[in-house]
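# generate a structure from the sequence data that follows.
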Amino acid sequence: QVQLVESGGGLVQPGGSLRLSCAASGTDIFSAYVMTWYRQAPGKQRELVAKINPGPASPTTYANSAKGRFTISRDNAQNTVYLQMNSLKPEDTAVYYCNANRDIWHSYWGQGTQVTVSS
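Okay, the predicted model is just below:
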């Protein structure tokens, strides 16, 4: 069973930055997982923010709202995935969740971390 723990959320002013971390434990093959950041704002559905695939090139995918502002990265030696968020906007306010997925039988979620962008 993989456990995921997100951290790094908080309150930040518009235009500010935050770096979220998601630390995985309970697996020796973290590098094989597709790691994805999702977010869910109040009253809205959970949406994909950014995804990073396994492999040496680690291809990434971003939601249109995140392109050019957010960067996802992974450190397989530390079993951790990061989300660097710059130029934050009030509409980025949400609970951010980390997901690890290897196949239909191995998909895990963290508990989420709150990001609030407000002046």
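
# okay, residue 108: pLDDT?
pLDDT recorded at residue 108 is 96.

# over to residue 95?
Per-residue confidence (pLDDT) for residue 95: 98.

# how much space between it and residue 37?
Separation of residue 95 from residue 37 (C-beta to C-beta, to the nearest Å): 11 Å. Where you see a C-beta, it was placed from the backbone N, CA and C, and this is true even at glycine.

# where is the longest strand in this protein?
What stands out as the longest strand in the chain, according to DSSP state E, is strand 94-103.

# convert the C-alpha atoms of the next helix-or-strand element following that one to PDB, please.
On the C-terminal side of strand 94-103, the nearest following helix or strand under DSSP states H and E is strand 106-109. Listed in PDB are the C-alpha atoms of strand 106-109, where the atom choice follows Å, rounded to 0.1, in the frame of the first residue of the first chain:
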ATOM      1  CA  HIS A 106      -2.600   0.500  -8.000                       C
ATOM      2  CA  SER A 107      -3.900   4.000  -7.700                       C
ATOM      3  CA  TYR A 108      -3.400   6.000  -4.500                       C
ATOM      4  CA  TRP A 109      -4.400   9.500  -3.200                       C
END
